[in-house]
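Engineer: Here is my input, please return the structure:
(one chain, ligands or ions: 1)
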Amino acid sequence: MARFKSAILGATGVAGQQFIEALLGHPWFEISGLYASERSAGKKYGEACTWRSPAPLPDAIAGTTVRLTDRILDDIDQYDIIFSALPSDVAKKSEGDCAALKPVISTASAFRYEDDVPILVPEVNAAQAPLVRRQQKERGWKGYVVPGPNCTTMGLIVSLKPIQDTVGIKRVWMTSLQALSGAGYPGHPVLDTHDNIIPFISKEEGKVELETVKTLGSFADGNVIPAPFKVSCTCTRVSVLDGHTLSVFVETNAPFTPEDYLAAVAEFNKKCAAEFGDLPSAPKQTIVMKKEENRPQPRLDRDLEGGMATVVGRVRPDPALDNGIKYVCLSHNTKKGAAKGELMAAEYLHKIGLFPA
Ligand SMILES: NC(=O)c1ccc[n+]([C@@H]2O[C@H](COP(=O)([O-])OP(=O)(O)OC[C@H]3O[C@@H](n4cnc5c(N)ncnc54)[C@H](OP(=O)(O)O)[C@@H]3O)[C@@H](O)[C@H]2O)c1
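Structural biologist: Residues are numbered from 1 along each chain as shown. Take a look at the predicted model:
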C-alpha cells in the first residue's frame, strides 16, 4: 500500500525530531518534506539540527534540504498530512493556512482552546474526534487542525480517565516535576538548571487546568462540555532530560481505594487494547502500574512501551480527603506527550475514516 506523504513543520526542534523518529519505517505515513525557520532553511537537515536521539539519523533524512515553513503553501499539494511541531505563536498562522487545505496534526497550543478543535488523545476522548467536521463546515476548510495536549496534561488525563469512568472526580491537585527537554532546544542555560528546581513555567499551569477538563469533558450536539471538576496545579522544571513526573491528589465522588484504582486501570487497559491496539503507535498497556515503592523514575521508566506508556506508582489512600487517592505518574514528554502521541491520534483519525479528510 502506498503510504501517505507527510510534511513536518518545526522538524529541527525537539518535538520535530521525535516526529521523524516516530515516522521512520511507519507502515501508513512517510516523511516527504522537512520545514523549519530561516535559520535552517536551505541547509541539509543533518547540518541544521542537533540530533538528540540515540537512534541513528538515516542518511536520506540527514541529506534532505530543509525548507522554509513560510513557503509551505507552495508545496502543499505534494502532501496528504502536515505534522506540526512549531512554536505556538508561529503555529497559529502556518497551521491555519495549511488546515484550509490539508489535515494538520500538531504539538502546539495555538488552536487547543478553540470550541471546534478537539485536543485528541484517543484513549481519553475519542468521542470528540468528529469536531473536525465542524471546523470544515464552519471555517470552510478542506482539512482541519488536531492538536494534542500539553505534555504535562497528557500523563494527568490518561491516569485520571479510569477514575472518571468509575467513581467520578470531584477535585484534582497536581505538582509537576518537568524535564528540561520540555522547554525545547537548546532550552534553559545549564547554570540555571543543574543542581536546581525552577518553580515556575510560564503559562503551564493554566494550560493544564483548562486542557484537563476539556479533554475529559463530554461531547454532545457538536460541542465539548468541560468535565465538572476543578484542577489546581503547580508546575516546576527539574534537572531531568526527558519524562515529566507528576504528584497527583484526586478527590473522588465516592469512596475509592488504591485497590479500586488498580481494578479500574486493568479494565481501562483492556478497553484501550481492544479499541486502539491495532494502531501502529499504540502501547500494549496504556497505563503501566509500578508496585515498587520507589517507582516510577524518569530514567528507568520513561521509555516503557516505546515512550507511550503512562507509568503510575505509589498509589495510596489520601488521609486529608474524605474520599480519594494520591499517586505518582510519569509520561514521556516528547514521545507520548508530543510527537508519537500525535501520530497515534492521526492513526486513529485514519482508522475511523476522518483521514484523509
Ligand atoms: N518539547 C516538548 O516536550 C514538547 C511537548 C509537547 C508539545 N510541545 C510543543 O511543540 C512545539 C515545538 O516545541 P519544541 O520543544 O520542539 O521546540 P524547539 O526545540 O524550540 O523547536 C522549534 C522548532 O520550530 C522552528 N521554528 C522556530 N521559529 C520558527 C519560525 N519563526 N518559523 C518557522 N519555524 C520556526 C525551529 O526551527 P529552527 O531550528 O530553524 O529554528 C524548530 O524546528 C511547541 O509548540 C511546544 O510547545 C513540545
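Engineer: Which single residue in the stretch 101-250 of the chain comes nearest to the ligand?
Structural biologist: Using CB to the nearest ligand atom, the closest approach of the stretch 101-250 of the chain to the ligand is made by Gly184 at 2.9 Å. C-beta here means a position set from N, CA and C on the backbone, and glycine is covered the same way.
Engineer: Next, find the distance separating that residue from Val240.
Structural biologist: 15 Å (CB to CB, to the nearest Å).
Engineer: Of those two, which one has the most company?
Structural biologist: Set Gly184 next to Val240 and count neighbours by other CB atoms under 10 Å: Val240 wins out with 20 against 16.
Engineer: For the nearest residue to Ala282 once chain neighbours are set aside, give me its contacts.
Structural biologist: Leaving aside its sequence neighbours, Ala282 sits nearest to Phe276 (CB to CB, 6 or more residues apart in numbering; 4.6 Å). By CB atoms under 8 Å, 6 or more residues apart in numbering, Phe276 lies in contact with Pro122, Glu123, Ala282, Thr286, Met344, Tyr348.
Engineer: Of those residues, grab the buried ones for PyMOL.
Structural biologist: To isolate the buried ones among the contacts of Phe276 in PyMOL, judged by 16 or more other CB atoms under 10 Å, type:
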select buried, resi 122+123+282+286+344+348
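Engineer: Give me the phi and psi for Ile287.
Structural biologist: Dihedral angles of Ile287 (phi, psi; degrees, to the nearest 10) stand at phi -110, psi 120.
Engineer: What residues are bridge-paired with it?
Structural biologist: As for beta bridges, Ile287 partners with Thr310 under DSSP bridges.
Engineer: when you give positions from now on, start the count at 27
Structural biologist: All set: I'll call the first residue 27, so the last point we hit is now Ile313.
Engineer: from memory it sits against Val291, does it?
Structural biologist: Yes. Counting by CB atoms under 8 Å, Ile313 does reach Val291; the two are 5.0 Å apart.
Engineer: Need the overlap of contacts for these two.
Structural biologist: Residues touching both Ile313 and Val291 (CB under 8 Å, 6+ apart) are Pro188, Val338.
Engineer: The ligand contacts on this protein?
Structural biologist: Taking CB under 6 Å from any ligand atom, the part of the chain that reaches the ligand is made up of 36-42, 62-63, 65-66, 95, 111-114, 116, 133-134, 177, 207-208, 210-211, 359-360, 363-364.
Engineer: Narrow those residues to just the buried residues.
Structural biologist: When the residues of the chain next to the ligand are checked for burial by 16+ other CB under 10 Å, the buried set is 36-42, 62-63, 66, 95, 111-112, 114, 116, 133-134, 177, 207-208, 210, 359-360, 363-364.
Engineer: Please flag which of the residues you listed sit within helices.
Structural biologist: Taking DSSP state H, the ones among these that sit in helices are Val40, Ala41, Gly42, Ser114, Val116, Cys177.
Engineer: And the residues you listed, which two are furthest apart?
Structural biologist: Val116 and Cys177 (18.3 Å; CB to CB).
Engineer: Could you export the ones in helices among the buried ones among the residues of the chain next to the ligand as JSON lines, including pLDDT?
Structural biologist: Output for these, formatted as JSON lines (pLDDT from 0 to 100):
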{"residue": "Val40", "pLDDT": "98"}
{"residue": "Ala41", "pLDDT": "98"}
{"residue": "Gly42", "pLDDT": "98"}
{"residue": "Ser114", "pLDDT": "96"}
{"residue": "Val116", "pLDDT": "97"}
{"residue": "Cys177", "pLDDT": "98"}
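Engineer: Okay, and the residue lying closest to Ala372 once chain neighbours are set aside sits in which element?
Structural biologist: Excluding its sequence neighbours, the residue lying closest to Ala372 (CB to CB, 6+ apart) is Ile131, at 4.7 Å. In this assignment (DSSP states H and E), Ile131 forms part of strand 129-132.
Engineer: Show me what that strand packs onto, helices and strands only.
Structural biologist: strand 107-110, helix 114-125, strand 170-173, helix 365-377 (3 or more CB pairs under 8 Å, 6 or more residues apart in numbering; DSSP states H and E).
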